[in-house]
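S.K.: For reference, the sequence and a predicted model appear below.
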Amino acid sequence: MRAWRVVGVLAVAVGLLVSGLTSTATAAPASGCAPDSKTPLRQFRASWVSSVVNIDWPSRTGLTAEQQKAELLTWYDDAVRQRHNAVVLQVRPTADAFWPSTVEPWSQYLTGTQGGDPGYDPLAFAVAEAHKRNLELHAWFNPYRLSMGTNLNALVPTHPARQHPDWVVTYGGKLYYNPGIPAARKLVESAIMDAVGKYDIDGVHFDDYFYPYPVAGQTFDDAATFAQYGGGFANLQDWRRNNIDLLIQELQHQIKAAKPWVKFGISPFAVWRNKATDAEGSDTTAGVQTYDDLAADTRKWVREEWIDYIVPQVYWAGGFAPADYNKIVPWWADQVRGTDVHLYIGQATYKVGTSTQSPDWSDPAELSDHLAFNSTIPEVKGDIYFSAKDVRADRLGATSLLNSTWYTRPALVPAMPSLDARPPLPVHALKASRTTGGIKLTWRQTSKDTTSYAVYRRDLTAGDWCADNDARNLLATLRATAGQQTWTDPTAVAGRHYLYLVTALDRSWNQSIPLPAAVLR
């Protein structure tokens, strides 16, 4: 069969497709074309892959380099199978490194011994393999946690904490850098920027640990540090919050100065403040409030746009009285509205089938219900699941239900116009031909800033003329390679007339117009 150029009535179809891909204001061309909330064109989808105490990866210490690589690829395979488009990988769990850092030692969670060379560069491997699969790789750093134990001498002698024991606070059975010491903060920033500078990561990611969670009967001993550095602050808590504000603000500036396209995101405990504490807080009665207990003014970071995305860990069921999912998510939607900060929701997959906090965690549909609720709130642009092993466990069939309901199609990562709003040029010389393996598409790259492609298919035999304002016709996304690009659609049915469109995407997921197009008879 031969590839035909689109002319006449098909040009009208292309015009509709272009309008659907490049504008949200264009009306649907026909009945049944309204976007389907279950197949959004853009949605951030990821799992956290945790390395601390070998939660997810590596599954245990002492694996060979090849075994570690093979394990990581199975997590990537899971992501691809579930139509996720990103992975959040923990690479600095306890002031150590999953890369040959110039600042800190190799992580003990690789070899079992801190400072032990694993025989390869895990972060370089992780980035390369994620990008092969067109997955974003967000590198997850824990800023101040030093050790899961209290023995400072267990750290390698060259560790910065051994060189500066006055920077260290023992609290709750762990060691922490003291966030109030400016030199300690600068070291944390240097450790992170070492990775930003060396690797093609897509994001810098923090979780919920800043000052540690309160431990009954214990005091985080920074009174002397406050006396030394707290001039100008009326109280300890305001000074602590300013210390964390400085970390966030300074790191944001450094990331954007080095690589403006790298996203900076934070996943905090979901309650900023309870309404009883602050009238502007959420309608919750949570036992922890980030503003008061972790010295993390998460709402300020959104308002000041010091971060690109926020992922509140809304780890409670809908209807749970102390912290109701259905009340917290709208509160966060209110906070990001009018800002350039994206809102994704942290989902507690680990509670499914295990938690007795509320009976809803015994319901296979709880997580799916969360996404149904999210779909009614435009500010919610995606979800991240904790953690990868719990997603894989699929307890109660909850993961399968969620995927079969909400992730039936691929999705593009939401674009961030605040970082870059210029779409790449369209692809060149798109051709289609039928082969024994399906319909083969070939095209050439036009823009040097193109990093990936999206492939759409319109079934003209079925009278499908709708604009692509959701993902129902999105077949795949794939990473750009040098030279001619090739992709085969194995699902094409012989005898049907298809309109294929390929768009170019840059690293910020701005999308070109879907021209040229080809139709195959």
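M.R.: Noted; the coordinates are in hand. Here the structure is a predicted model, which is why all the values come from computation and not from measurement. Residues are numbered from 1 along each chain as shown.
S.K.: What count of nearby residues applies to the closest residue to T219 other than its chain neighbours?
M.R.: Using CB to CB, 6 or more residues apart in numbering and skipping the chain neighbours, the partner closest in space to T219 is Y171 (8.0 Å). C-beta here means a position set from N, CA and C on the backbone, and glycine is covered the same way. Neighbourhood size, Y171 [other CB atoms under 10 Å]: 20.
S.K.: can you tell me how far Y171 sits from R81?
M.R.: 41 Å (CB to CB, to the nearest Å).
S.K.: now swap in W406 and tell me
M.R.: Taken as CB to CB, the span from W406 to R81 is 14 Å.
S.K.: Those two: who's more crowded?
M.R.: W406 (24 against 10).
S.K.: For that one, give me its contacts.
M.R.: By CB atoms under 8 Å, 6 or more residues apart in numbering, W406 lies in contact with K38, S368, L371.
S.K.: For those residues, pick the one with the most neighbours.
M.R.: Neighbour counts for the contacts of W406, by other CB under 10 Å, peak at L371, which reaches 20 neighbours.
S.K.: Could I get the phi/psi values of that residue?
M.R.: With angles defined as degrees, to the nearest 10, L371 sits at phi -70, psi -30.
S.K.: pLDDT value on the residue nearest to it when sequence neighbours are not counted, please?
M.R.: Leaving aside its sequence neighbours, L371 sits nearest to W406 (CB to CB, 6+ apart; 4.8 Å). Note on W406: pLDDT of 98.
S.K.: And W406, how close does it get to Q485?
M.R.: Going from W406 to Q485 by CB to CB gives 29 Å.
S.K.: repeat for I244
M.R.: Using CB to CB, we find I244 at a distance of 45 Å from Q485.
S.K.: Which one of the two is surrounded by more residues?
M.R.: Ranked by neighbour count (other CB under 10 Å), I244 and Q485 place I244 first, with 24 against 20.
S.K.: burial of M193, as a residue count?
M.R.: If we define neighbours as other CB under 10 Å, then M193 has 18 of them.
S.K.: May I ask which helix or strand encompasses it?
M.R.: M193 belongs to helix 182-198 when assigned by DSSP states H and E.
S.K.: So for that helix, what gets flagged as buried?
M.R.: Within helix 182-198, the residues scored as buried using 16 or more other CB atoms under 10 Å are A184, R185, L187, V188, E189, A191, I192, M193, D194, A195, V196, K198.
S.K.: Take those and lay them out in a markdown table including pLDDT and distance to Y456.
M.R.: Listed next are these as a markdown table, based on pLDDT from 0 to 100; distance: CB to CB, whole Å:
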| residue | pLDDT | distance to Y456 |
| --- | --- | --- |
| A184 | 98 | 50 |
| R185 | 98 | 47 |
| L187 | 98 | 48 |
| V188 | 98 | 44 |
| E189 | 98 | 42 |
| A191 | 98 | 42 |
| I192 | 98 | 38 |
| M193 | 98 | 39 |
| D194 | 98 | 40 |
| A195 | 98 | 35 |
| V196 | 98 | 34 |
| K198 | 98 | 36 |
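S.K.: Closest one of these to Q68?
M.R.: For the buried residues of helix 182-198, the minimum distance to Q68 (CB to CB) is 17.9 Å, reached by A195.
S.K.: what sits against that closest one?
M.R.: Counting by CB under 8 Å, 6+ apart, A195 touches V91, R92, A97, W99, S101, L123, A139, F141, I201.
S.K.: For my notes, confirm the first one occurs in a strand.
M.R.: Going back to what we said before, that points to V91. Yes - counting by DSSP: H, G, I helix; E, B strand; the rest coil, V91 falls inside a strand.
S.K.: Assess the claim that it and P100 are in contact.
M.R.: No - the criterion here is CB atoms under 8 Å, and V91 misses it with P100 at 12.0 Å.
S.K.: Who has more neighbours out of these two?
M.R.: In terms of neighbours (other CB under 10 Å), V91 is the more surrounded of V91 and P100; the figures are 27 against 16.
S.K.: which residues touch the more buried one?
M.R.: Here V91 is in contact with S51, A97, F98, W99, P122, L123, A126, A139, W140, F141, A195 (criterion: CB under 8 Å, 6+ apart).
S.K.: How about I307?
M.R.: Shown in contact with I307 (CB under 8 Å, 6+ apart): I248, Q252, F264, G265, I266, W301, V341.
S.K.: just R83 next, same as before
M.R.: R45, N403, Y407, T408, R409, P410, A411.
S.K.: 10 Å - rerun?
M.R.: R83 makes contact with 43, 45, 403, 406-411, 471, 474, 476-477 under the criterion CB atoms under 10 Å, 6 or more residues apart in numbering.
S.K.: Remind me which helix or strand it belongs to.
M.R.: Going by DSSP H and E, R83 is not in any helix or strand.
S.K.: what do you get for A454?
M.R.: Element membership for A454 (DSSP H and E) is strand 450-459.
S.K.: partners of that strand, with directions?
M.R.: Strand 450-459 sits in its sheet next to strand 474-479 (antiparallel), strand 498-506 (antiparallel), going by DSSP bridges.
S.K.: mind checking which of the ones you listed is nearest T399?
M.R.: With CB to CB, the closest approach to T399 among the strands paired with strand 450-459 belongs to strand 474-479: 21.5 Å.
S.K.: closest to Q357 among the contacts of I307?
M.R.: Minimum distance to Q357 across the contacts of I307 is 24.2 Å, recorded for I266 (CB to CB).
S.K.: Can you tell me the closest non-neighbouring residue to the closest one?
M.R.: Spatial nearest neighbour of I266, excluding adjacent residues (CB to CB, 6+ apart): F206 at 4.5 Å.
S.K.: One more: A411?
M.R.: Q43 (4.2 Å).
S.K.: any weak-confidence spans in this structure?
M.R.: For the chain, residues meeting the criterion pLDDT under 70 lie at 1-31, 516, 518, 520-521.
S.K.: Which stretches in it count as helices?
M.R.: 9-22, 65-81, 108-111, 122-132, 160-163, 182-198, 223-229, 236-258, 290-293, 298-303, 325-336, 366-374, 388-393, 398-406 (DSSP state H).
S.K.: Export these as CSV, with columns for distance to I310.
M.R.: CSV is the format used below for the helices of the chain (distance: least, CB to CB, whole Å):
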stretch, distance to I310
helix 9-22, 27
helix 65-81, 22
helix 108-111, 27
helix 122-132, 22
helix 160-163, 29
helix 182-198, 18
helix 223-229, 28
helix 236-258, 11
helix 290-293, 11
helix 298-303, 6
helix 325-336, 7
helix 366-374, 14
helix 388-393, 21
helix 398-406, 21
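S.K.: List just the one of the ones you listed that sits closest to T446.
M.R.: Closest approach to T446 among those (CB to CB): helix 9-22, 16.1 Å.
S.K.: coming back round to it: looking at the helices of the chain, which is nearest to T503?
M.R.: helix 9-22 (6.5 Å).
S.K.: Confirm for me that the residue nearest to I266 is in contact with F264.
M.R.: Yes - contact criterion CB atoms under 10 Å: F206 and F264 qualify, at 8.4 Å.
S.K.: overlap in contacts of those two?
M.R.: Counting by CB under 10 Å, 6+ apart, the contacts common to F206 and F264 are I192, I248, L251, I307.
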